[in-house]
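Enquirer: Provided below are the primary sequence and the corresponding predicted coordinates.
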Amino acid sequence: SYTGLFGMKTTFGLVGTGPGPFQSSLNPVRGPIVRTPRDAARYLDVTSGPTLTDPTSLPKPAVPFEEELLSGAAMERLRGKRVAFTANVGFAEADRQVAEQVKEVAHVLIERVGLELVEGVATALPRPGRSWGVLSTIDDMSWYADDVADRLDEVTLVHKLQHLSFTNLTPEVLGKAIRRRHELLTTVASIFEQVDLLITPTTATPAFDAEGVLEGEVNGQPVGLFELSAAFTAPFNMTGQPAASIPAGLIDGLPIGLQVVAPRHHDVDCLAAGAILQETRPWPLFAPLAFER
């Protein structure tokens, strides 16, 4: 979203982990950040499929992703699918200007494809921040805690905090994180019983300053880094679902993104939505020169 590029995270297991440690928390997902949906499709055709060292890896799809896009079959299958739009997930909301612009782009997609917009879908989600952090920390520090402990004066503050969290982790905290993820899974499942696709802003705001305190405001309310950057995306890492960030224009010269989320194993729907929007609302394939704001 912040870069003006197309980004895709896949159904958990479609792209196996490795080389490197197997990770079981669902939180880390392999996927491309590229210029176009076709680039992403080609990447997935190369990288998807079973990995011997990853017991959660999935079979390669029968039809290559790039072929699905080039033939138009993927786009045609979107026709008539049910879709909901939200810029508020209960614990966080998008900046009003971001929400309005992304909603306009969403309606372009809906009208272009012939999607059925479903109103009134409850999209409030349990806040995944702490459970996401706990499960991610276990994945990372299970492999690197000893190395970090030997270099605490050299590593970043983030790694110091991860190490502190890991070494003080209790069964009660871990159990709560696991239960919280299950609560999120069931809530999201109830959404996708009503719709086939969910559209949101990718992030609550355009990119924030690269330096300084990592916090800001959304609609006049102070928020932290998680609400700024991950509120609309992290929940679907934890549910293992595919999602794509599609360029949705600029606000004050900075890119914003539209996120399309699909049920597990429907990755091609995210690619198809991106391909349709690229055709309908082409975005720059090369970064424009930066300018003073």
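Expert: Looks like it came in fine. Numbers count the residues shown, from 1 in each chain.

Enquirer: quick one: low-confidence ranges for this structure?
Expert: Applying pLDDT under 70 to the chain flags residues 19-28, 288-293.

Enquirer: okay, which residue of this structure is out on the far edge from center?
Expert: residue 150 (33.3 Å; C-alpha atoms, centre = their mean).

Enquirer: Which parts of this protein are strands?
Expert: 6-9, 33-34, 82-85, 116-117, 197-201, 215-218, 221-224, 243-251, 254-261 (DSSP state E).

Enquirer: Switch the ones you listed over to a markdown table; also include mean neighbour count and distance to residue 134.
Expert: Glycine gets a C-beta too; all of them are placed from N, C-alpha and C. As requested, the strands of the chain are exported to a markdown table (neighbours: other C-beta atoms under 10 Å; distance: least, C-beta to C-beta, whole Å):
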| stretch | mean neighbour count | distance to residue 134 |
| --- | --- | --- |
| strand 6-9 | 25 | 20 |
| strand 33-34 | 15 | 26 |
| strand 82-85 | 20 | 29 |
| strand 116-117 | 14 | 36 |
| strand 197-201 | 27 | 24 |
| strand 215-218 | 16 | 21 |
| strand 221-224 | 13 | 17 |
| strand 243-251 | 23 | 22 |
| strand 254-261 | 25 | 23 |
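
Enquirer: Select, out of these, the one closest to residue 180.
Expert: For residue 180, the closest of the strands of the chain is strand 221-224, at 17.8 Å, according to C-beta to C-beta.

Enquirer: circling back to that earlier point, let me see the backbone angles for the residue farthest from the centre of the chain.
Expert: Backbone torsions of residue 150, given as degrees, to the nearest 10, read phi -80, psi -10.

Enquirer: Take the strands of the chain and write them to JSON lines, including distance to residue 180.
Expert: Shown next, in JSON lines, are these (distance: least, C-beta to C-beta, whole Å):
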{"stretch": "strand 6-9", "distance to residue 180": "20"}
{"stretch": "strand 33-34", "distance to residue 180": "28"}
{"stretch": "strand 82-85", "distance to residue 180": "23"}
{"stretch": "strand 116-117", "distance to residue 180": "31"}
{"stretch": "strand 197-201", "distance to residue 180": "20"}
{"stretch": "strand 215-218", "distance to residue 180": "23"}
{"stretch": "strand 221-224", "distance to residue 180": "18"}
{"stretch": "strand 243-251", "distance to residue 180": "20"}
{"stretch": "strand 254-261", "distance to residue 180": "19"}
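
Enquirer: So which of these is nearest residue 284?
Expert: Nearest of those (C-beta to C-beta): strand 243-251, 8.3 Å.

Enquirer: for that closest one, packing partners?
Expert: strand 6-9, helix 96-113, strand 254-261, helix 267-280 (3 or more C-beta pairs under 8 Å, 6 or more residues apart in numbering; DSSP states H and E).

Enquirer: how about the CA coordinates for the second one, as PDB?
Expert: What follows is the C-alpha trace of helix 96-113 in PDB, where atoms were taken according to Å, rounded to 0.1, in the frame of the first residue of the first chain:
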ATOM      1  CA  ARG A  96     -12.100   9.200   6.300                       C
ATOM      2  CA  GLN A  97     -10.300  10.400   3.100                       C
ATOM      3  CA  VAL A  98      -8.700   7.000   2.600                       C
ATOM      4  CA  ALA A  99     -12.000   5.200   3.300                       C
ATOM      5  CA  GLU A 100     -13.900   7.300   0.700                       C
ATOM      6  CA  GLN A 101     -11.300   6.900  -2.000                       C
ATOM      7  CA  VAL A 102     -11.000   3.200  -1.500                       C
ATOM      8  CA  LYS A 103     -14.800   2.800  -1.500                       C
ATOM      9  CA  GLU A 104     -14.900   4.700  -4.900                       C
ATOM     10  CA  VAL A 105     -12.300   2.300  -6.300                       C
ATOM     11  CA  ALA A 106     -14.200  -0.700  -4.900                       C
ATOM     12  CA  HIS A 107     -17.400   0.400  -6.700                       C
ATOM     13  CA  VAL A 108     -15.400   0.600  -9.900                       C
ATOM     14  CA  LEU A 109     -14.500  -3.100  -9.400                       C
ATOM     15  CA  ILE A 110     -18.000  -4.100  -8.400                       C
ATOM     16  CA  GLU A 111     -19.600  -2.500 -11.400                       C
ATOM     17  CA  ARG A 112     -16.900  -3.600 -13.900                       C
ATOM     18  CA  VAL A 113     -17.200  -7.300 -12.800                       C
END
